[in-house]
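Enquirer: need coordinates for the below:
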Amino acid sequence: MYISCISSFQVTHRAADASYSTIDKYKVELSGEKVAILALGDFYQRGKALADTIKSEMGFTPTLINPRFASGVDKELLEKLKSNHQVIVTLEDGIVEGGFGQKIASFYGSSDMKVLNYGLDKKFYDRYNPEDLIKSVGMSTEQIIEDIKNIIMK
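Expert: Next up, the predicted model:
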């Protein structure tokens, strides 16, 4: 953050700006079970809506996590999720290939945890309706709920 170089300018609105010890530490917004939703950036609101739908349609409260940083992995938190979660859902408003979700999937690679990554395909999108695009990549709330049910209800 270049603006912090200005003398007498202090950044105090987030703990992460005051201390680098919180970088790559995710924020658990809602504690739950079975499904953990990691909703990054602009897709946090979409993750909240998904959590609300899971609670109303599937009858349990999922865990909702705001990763806050796409650069790293909160290994401590991800390890804790193994104890009472079966599925991790990652939502990102960027390209899935090589993105945040793939870091999470790689972390869980040798475990029994199922990871569902949602984001865009690696291609150029021109003149599109955002909701139509979301559906075309299988990322609507209904589509994600169906994917979760296919794993949990086995």
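
Enquirer: please make it C-alpha for all contacts and neighbour counts, starting now.
Expert: OK.

Enquirer: can you confirm G119 is in a helix?
Expert: No: counting by DSSP: H, G, I helix; E, B strand; the rest coil, G119 falls outside a helix, being strand.

Enquirer: what about the spatially most central residue of the chain, which SS state?
Expert: Of all residues in the chain, the one closest to the mean position by CA atoms, centre = their mean is L38, 2.1 Å from it. Put simply, L38 is strand when judged by three-state DSSP.

Enquirer: now do it, the pLDDT please.
Expert: For L38, the model assigns a pLDDT of 98.

Enquirer: residue contacts, it?
Expert: G47, L64, I65, N66, P67, I88, V89, T90, L91 (CA atoms under 8 Å, 6 or more residues apart in numbering).

Enquirer: recalculate using a threshold of 6 Å.
Expert: L38 makes contacts with I65, T90, as judged by CA atoms under 6 Å, 6 or more residues apart in numbering.

Enquirer: one more: V73?
Expert: Contacts of V73 (CA under 6 Å, 6+ apart): D24.
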